[in-house]
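>>> coordinates only, no sequence provided:
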């Protein structure tokens, strides 16, 4: 079974600075999908960014980008120009290919943004 | 916008009660999921459904069952609530069962079993 590891339970960043959240996963598959979800204090989970494993180019969504290292099985999230609204729990998730695949989540990283 | 609505944000139940958590989505999604969220454990999949009346066990199905009689509604049932089922429960739906499909989540039900 696939596992997703987020080794940083908490992170802190100053407003306008850049922060990187780590995620590693364990799989024997060659193709799969990776996601970062954000859960603010409102509890509403929101998709931040997604990446397909066979695409080597790192995904980018405005201030959010990923560093996808397939050989290292690493999928880190970089948040540039951090804003107060970025404060949230961030979850990394893995999905294998196939029509009956499920999303497997990591344990989450709580990001604090300070002035 | 896709909307996934969970019937309660907070719920307090007694040990041994039968508990129903309801989830409704308004975008005709085929797939619906129930997750449990606990501090330090992340989200763990309880059950999922790919179609009406279809269900599949997730990683932690023990003590739970589900019902999907209509496409838009997916219910999680705690047959006999226990204190170790005190948790945050998140419902999600997606249009397709796999790939890069985005999962849309409800706002969660924080269940306390006393």
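That came through, no problem. Bear in mind that the values here come from a model prediction, so they are computed numbers and not experimental data.

>>> who touches residue 92 in this structure?
Went with chain A since none was named. Residue A:92 is in contact with A:4, A:6, A:21, A:23, A:25, A:34-36, A:75, A:77, A:105-106, counting by Cβ atoms under 8 Å, 6 or more residues apart in numbering or on different chains. Every residue, glycine included, has its C-beta placed from N, CA and C.

>>> the intended chain is chain B.
When contacts are counted by Cβ under 8 Å, 6+ apart, residue B:92 touches A:45, B:4, B:32-35, B:103-106.

>>> with residue B:57 instead?
Neighbour list for residue B:57: residue B:47 [criterion: Cβ under 8 Å, 6+ apart].

>>> next one: it from residue B:45, what distance?
9 Å (Cβ to Cβ, to the nearest Å).

>>> what of residue A:36?
Using Cβ to Cβ, residue A:36 is found at 18 Å from residue B:45.

>>> chain B against chain A: which residues are in contact?
Selection of chain B residues close to chain A by Cβ under 8 Å from any Cβ of the partner chain yields B:33, B:35, B:40-45, B:48, B:50, B:56, B:58, B:88, B:90, B:92, B:97-100, B:102-103, B:105, B:107-108.

>>> which of those are buried?
Among the residues of chain B next to chain A, those buried by neighbour count (16 or more other Cβ atoms under 10 Å in any protein chain shown) are B:33, B:35, B:42-45, B:48, B:58, B:88, B:90, B:92, B:97-98, B:102-103, B:105, B:108.

>>> so where do the strands sit in the chain?
If you meant another chain, say so; for now it's chain A. Assigned by DSSP state E, the strands in chain A fall at A:3-5, A:10-14, A:19-21, A:24-26, A:32-39, A:46-52, A:60-61, A:64-69, A:74-79, A:88-96, A:103-105, A:109-114.

>>> correction: the question concerned chain B.
B:4-6, B:10-13, B:19-25, B:31-38, B:42-49, B:56-57, B:64-70, B:73-78, B:87-94, B:104-105, B:109-113.

>>> for chain A, which spans come out with low pLDDT?
Scanning chain A for pLDDT under 70 picks out the ranges A:99-100.

>>> next, name the residue at the spatial heart of it.
Closest residue to the average C-alpha location of chain A: residue A:36 at 3.3 Å, with Cα atoms, centre = their mean.

>>> also chain B?
Mean-position check on chain B, Cα atoms, centre = their mean. Result residue B:34 at 2.7 Å.

>>> tell me if I'm right that that one and residue B:91 touch.
Yes. Residue B:34 sits in contact with residue B:91 when judged by Cβ atoms under 8 Å, with a separation of 5.8 Å.

>>> what is in contact with those two at once?
Between them, residue B:34 and residue B:91 share the contacting residues B:21, B:23, B:74, B:76, judged by Cβ under 8 Å, 6+ apart.

>>> give me the distance between the residue nearest to the second one when sequence neighbours are not counted and residue A:70.
Take residue B:23 and drop its neighbours on the chain: the residue closest to it by Cβ to Cβ, 6 or more residues apart in numbering or on different chains is residue B:91, 3.4 Å away. Taken as Cβ to Cβ, the spacing of residue B:91 relative to residue A:70 amounts to 32 Å.
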